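*Asks:* Here's my sequence, what's the structure:
(2 chains)
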Amino acid sequence: MSMPGQKPLSQRLFRFAVRVFPFDFQTNYGSQMEGVFNAQRREAEERGGFVGLLRLWGETLAGIFRTAPLEHWEVLKHDCSYALRMMRKNVGFTAVAALTLALGIGANTAIFSVVHSVLLRPLPYPGGQQLVFIRQQALKVGQDDWGFSPKEIEDFRAQNRTLSGLVEYHAMSFILYGHGDPDRVRTAVVSANYFDLFEVKPLLGRTFVADDDNIGAPPVLLLSYEYWKGKFSSDPSIVGKTFEMNDKVHTVVGVMPPLPQYPVETDVYMPTSACPFRSSQRVIDNRDARMVEAFGRLKPGVSINQAGMDFSTIASRLKDAYPKSYPDNIGYAAVTAPLREELTRQARPTLLVLLAAAAFVLLIACANVANLTLARMSQREGELALRTALGAGRSRLLRQLLTESFLLALAGGTLGLALAWLCLPLLTDFAARMTPRAREIQIDAGVLIFTLVAALGTSIVFGSLAALFARANLTASLKEGSAGGGRQKNRVRAALIVSQIAFSFVLLVGAGLMLRSLVNMLEVDPGFHPQRVLAMSTTFSFSKYGTREQFLEVGKKVLDRVQAQPGVLSAAIASFYPLQPEVITAGAAAFSGQFRIEGRELGAAEAPPLGSEPVVSPDYFRTLGIPLRAGRLFTDADDGKKLIAVINEAAQRQFWPHEDPIGKRVSGDNGDSWATIIGVVGDVHDFGLTQKVTPQFYVPPTEGIGPNTLVVRTAGDPRAMSSLITRAVHGVDSQAAVTRIRTLEEVRLESVASPWLTASLLGIFAGLALLIAAAGIGGIMALAVSQRVREIGIRMALGAQPMSILQMVLRQGLGFAALGVAIGLLGAFALTGLVRSLLFEVKPTDPLTFAGVATVLAGAAAIASYVPARRAASIDPIKALRCE
Amino acid sequence: MFQILVALADGEKHGYAMIKEVALRTGGQVRLSAGTLYGNLARLEGSGLIQESDRRPEFALDDERRRYYRLTELGREVAIAEARRMEEAVGQARAKHLFRKPKLV
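*Replies:* Residues are numbered from 1 along each chain as shown, chains lettered A, B, ... in the order given. Sure thing, here's the model as predicted:
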């Protein structure tokens, strides 16, 4: 008592500390503990003064923090066993609720595992966030990614101040001899310091060293882990073995560790000196020979913006120094982006839309389980009220309910995780269409934490929804019997139903829009007849057929032999075929170049005309069913002495809208040579069904180099012909690699596979939502009917017809649906902008989709209400009145 | 826990009295704080070894929030069994001359 002001303070402090105990414990022992503490405090003060008091506080706090967790554990154990008992008693409820949650949590876990691996996780290289992708652009001529020439790589490497390293990369396809059949290998041609930049250490042997890059250095190879494992059965003595490629002996110097490869999967790596194209003087000296891509690593502390400014400076310097290579009218620029962003640019919008959709499914599942819980709570009202009356505090009950919901969500989460795991291979395939990071997709600790948090969050949402309602009604139910609070309870449940319908509406609209867009894509006339056409890549050794004459000869031999096969209607060779997956991935811009039209001069700032120049043999148009619109097609008589070209209608529309293009001359090499237009053919969607058709200038093989795809129209099933045709090609050159054999039907479906899968996933989500919402409506209507048996009985006794009762119930069910649709409509208007970038020729506010979805929802609500409505209509008034 | 049971062996007590009794008996070696005491009481009460007593000595000191606890039959049996076990253990240790050993060295 020496310091009177202290007493209330330490008492308050003690009370505060006691709060860490479970609620029941506080109620039971709180005041006693306080009494003990006060007595101890008095004694300590009298005996030991301030030091004694401090000591007491130390011991007291230590005691509290040692005891409290034990007490919480006890309560948890008790609640869990109680909850498990309740769950066992109510197997039906538990199963339905856990399954609903499993679908919601599973959908989220699955999509999140993709988002996490692809969009969120850093690249699996040391300091991956410092890796950047550098692009040169010529936007006015449609080049978003113009590529770099070796000269430009040198300039950027020498002049930049923001990178600690800059490497080049380009992908080639070569044939590797010396190990069984000639094998077409995906080859990455890279700078010697490529692996140093990515900080990759070899699994076996070494990576490239600076000397490997010198022209004339002995050719060396690095194998990717997968190729080494697959083709060489992980042969540990592979280093030092030699293979023949491009007529040169290559020595394997090392094997890569199993790492994801960007931008594409690769079988072997070679230094720039080993690539016959990259190392030719013609390419090295030509500033305009843009064939490689560039990666860099930022110096420590340098931001991506600083690097961007650095590259702009270099670009403007180059423009000043070489005005011929960078004319004003092409929109030349150099830009940079983090490598991670670059690799996932395409996948981001789709994945985010799917994640949002999955979140919606989970919200709907939550609302539904909350509703189920409410329904079950009304059965348990008696029990809960009794426990309150027996002194269980409200927070005690809340805790009990939350424990129950958490256990339920945990069960749902575990089941959901299993679902997600089952779906993962499918999703990985799906994501692989959009990003090279797909192979990194896995369920890791991050995803597990996400699932746990989702389950916890879910249980808090639906558990507290149920508990809030319980708080409001418990007292009432004790006072008034079980009918008490029914009104309010129904209102809560109706609100939950309406929100489910609203969410379902948004999801259904999303799925509907994707579906419409997909249908639009499939309805696009591709411009060719894909039926019964087989396409394949035929690669001949570049070194064996180096000259155009050699190539023409082998091409002609192949065509003659293939056409002689029974069942072959016609065959052609071409640089690529329509909708070829590799071509779609590369994009139209990769194939288009600048043209000049004879007699037309460009203004200084006017962008030059653009078009692509596919090389096709005479029968190409007939084989693919591309119609001739004017003039004539190539024939075997065209010997290449006079340069000729066939254009498509898009080229005619763009360049000769009011004239006859036949006889006009164009040049693809800046006026060095001119080709005369001899015919016009129909437009073909070469670069994707959703892509605008760009001008094409088809030229015969006599004018181009190396067409290496073969297209064959067959009389019967094209698949059945593939081995016959392969044998025919090998009959001409047994070392030719025949790969990527596909039918054009497959190719066409493949080209819409990504939107097809997005639409299916959204469709599945929306279907789930619809099902859950419909079940919800049915449930609440059934409950409402059973609560109103007496009222309905009276109405019928007073002469109401069963039909009007049926209509009354249906009206109520449809009322919920209408309210939900109205709210969903607002939500959909607000949110569908998100999917805009994924849609093809459908507005995000497409009225047809909105109306269709509203109809579907209304129909589902009507069907769901019909069963309870029928029951209401068949109520026997006498029985109904008697049983009350 | 055993200490609390022993503290209640000679009659019912309230919390503060138990703390004091234990401290006195063990020469200050066992010092219970409010938290540990009531944690143990809750456990003992839950397993039926002690119970709250309804009788309250009419002391002027008696505080309204003070509650008294006493041993149940079961509690007494458990305390005795535990004391016996310890006694036996001590006896065995003694038989093996555990306590004398240091003196022999």
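*Asks:* List the buried residues of stretch A:593-609.
*Replies:* Going by neighbour count (16 or more other C-beta atoms under 10 Å in any protein chain shown), the buried part of stretch A:593-609 is A:593-597, A:607-609. C-beta coordinates here come from the backbone N, C-alpha and C atoms, glycine included.
*Asks:* just stretch A:746-758 next, same as before
*Replies:* Using 16+ other C-beta under 10 Å as the test for burial, stretch A:746-758 gives A:746-748, A:750-752, A:754-758.
*Asks:* what ranges do the helices span in chain B?
*Replies:* Assigned by DSSP state H, the helices in chain B fall at B:2-7, B:15-25, B:34-46, B:73-95, B:101-104.
*Asks:* do you know which of those helices lies nearest chain A?
*Replies:* Closest of the helices of chain B to chain A is helix B:34-46, at 3.3 Å (criterion: C-beta to the nearest C-beta).
*Asks:* circling back: could you redo the helices of chain B as a markdown table and give each row mean pLDDT?
*Replies:* Converted to a markdown table, the helices of chain B look like this (pLDDT from 0 to 100):
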| stretch | mean pLDDT |
| --- | --- |
| helix B:2-7 | 87 |
| helix B:15-25 | 87 |
| helix B:34-46 | 87 |
| helix B:73-95 | 91 |
| helix B:101-104 | 54 |
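*Asks:* Can you name the residues of chain B sitting close to chain A?
*Replies:* Contacts of chain B with chain A, taken as C-beta under 8 Å from any C-beta of the partner chain, map to B:14-16, B:19, B:31-39, B:41-43, B:46, B:63, B:65-67.
*Asks:* Can you list the low-confidence ranges for the stretch 651-800 of chain A?
*Replies:* Scanning the stretch 651-800 of chain A for pLDDT under 70 picks out A:705-707.
*Asks:* Please work out which residue of it is closest to chain B.
*Replies:* Going by C-beta to the nearest C-beta, chain B is nearest to residue A:783 of the stretch 651-800 of chain A, at 39.8 Å.
*Asks:* So that residue is in contact with residue A:375, correct?
*Replies:* Yes: using C-beta atoms under 8 Å, residue A:783 is in contact with residue A:375, at 6.6 Å.
*Asks:* so what sits against both of these two?
*Replies:* residue A:493 (C-beta atoms under 8 Å, 6 or more residues apart in numbering or on different chains).
*Asks:* sorry, back to before: filter the residues of chain B next to chain A down to the buried ones.
*Replies:* Burial by neighbour count, 16+ other C-beta under 10 Å: within those this picks out B:14-16, B:19, B:32-39, B:41-43, B:66-67.
*Asks:* contacting residues around residue A:606?
*Replies:* residue A:329.
*Asks:* same check, this time on the one 10 residues further on
*Replies:* Under the criterion of C-beta under 8 Å, 6+ apart, the neighbours of residue A:616 are A:572-575, A:634, A:698-701, A:707.
*Asks:* Then residue A:557?
*Replies:* Here residue A:557 is in contact with residue A:732 (C-beta under 8 Å, 6+ apart).
*Asks:* Now do it against residue A:563, distance only.
*Replies:* 11 Å (C-beta to C-beta, to the nearest Å).
*Asks:* helix, strand or coil for the nearest residue to residue A:569 once chain neighbours are set aside?
*Replies:* Once flanking residues are discounted, residue A:569 sits nearest to residue A:713: 4.4 Å by C-beta to C-beta, 6 or more residues apart in numbering or on different chains. Classification of residue A:713 using DSSP: H, G, I helix; E, B strand; the rest coil returns strand.
*Asks:* Residue A:713: neighbour count?
*Replies:* Neighbours of residue A:713 under the rule other C-beta atoms under 10 Å in any protein chain shown: 21.
*Asks:* residue nearest the centroid of chain A?
*Replies:* Nearest to the mean C-alpha position of chain A, counting by C-alpha atoms, centre = their mean, stands residue A:351 at 3.7 Å.
*Asks:* Hmm, residue A:111 and that residue touching each other?
*Replies:* Yes: between residue A:351 and residue A:111 there is a contact under C-beta under 8 Å: 7.2 Å.
*Asks:* and the residue nearest to the centre of chain A, what does it touch?
*Replies:* Going by C-beta under 8 Å, 6+ apart, residue A:351 touches A:111, A:114-115, A:118-119, A:431, A:434.
*Asks:* Inside strands: which ones of those?
*Replies:* Secondary structure from DSSP state E places none of these in strands.
*Asks:* Report the lowest-confidence entry in those.
*Replies:* Minimum pLDDT across those is recorded for residue A:434, with 81.
*Asks:* and it, how many neighbours?
*Replies:* By the criterion of other C-beta under 10 Å, residue A:434 has 22 neighbours.
*Asks:* Residue A:449 too?
*Replies:* 11.
*Asks:* Pull up the gap between it and chain B, please.
*Replies:* Using C-beta to the nearest C-beta, to the nearest Å, one gets 32 Å for the distance from residue A:449 to chain B.
*Asks:* again with residue A:544
*Replies:* Distance of residue A:544 to chain B, given as C-beta to the nearest C-beta: 87 Å.
*Asks:* Report the residue spans of the stretch 451-600 of chain A with pLDDT below the cut-off.
*Replies:* Along the stretch 451-600 of chain A, the parts satisfying pLDDT under 70 run over A:466-489, A:542-543, A:546.
*Asks:* Now do the helices in it.
*Replies:* A:486-523, A:548-563, A:581-586 (DSSP state H, counting those that start in this stretch).
*Asks:* Can you say which of these is packed in most?
*Replies:* Comparing the helices of the stretch 451-600 of chain A by mean neighbour count (mean count of other C-beta atoms under 10 Å in any protein chain shown), helix A:486-523 comes out on top with a mean of 22.
*Asks:* Show me what that one is packed against.
*Replies:* Applying 3 or more C-beta pairs under 8 Å, 6 or more residues apart in numbering or on different chains; DSSP states H and E, we find helix A:486-523 packed against helix A:348-389, helix A:445-480, helix A:753-787, helix A:802-831, helix A:847-873.
*Asks:* So which of the helices of chain B is the most surrounded?
*Replies:* helix B:34-46 (a mean of 22).
*Asks:* can you list contacts of that helix?
*Replies:* By C-beta under 8 Å, 6+ apart, the residues outside helix B:34-46 that reach it are A:14, A:25, A:28-29, A:32-34, A:36-37, A:40, A:60, A:63-68, A:70-71, A:74, B:1, B:4-5, B:15, B:18-19, B:32, B:50-52, B:69, B:75.
*Asks:* List only buried entries from those residues.
*Replies:* A:14, A:25, A:28-29, A:32-34, A:36-37, A:40, A:60, A:63-64, A:67-68, A:71, A:74, B:1, B:4-5, B:15, B:18-19, B:32, B:50-51, B:69, B:75.
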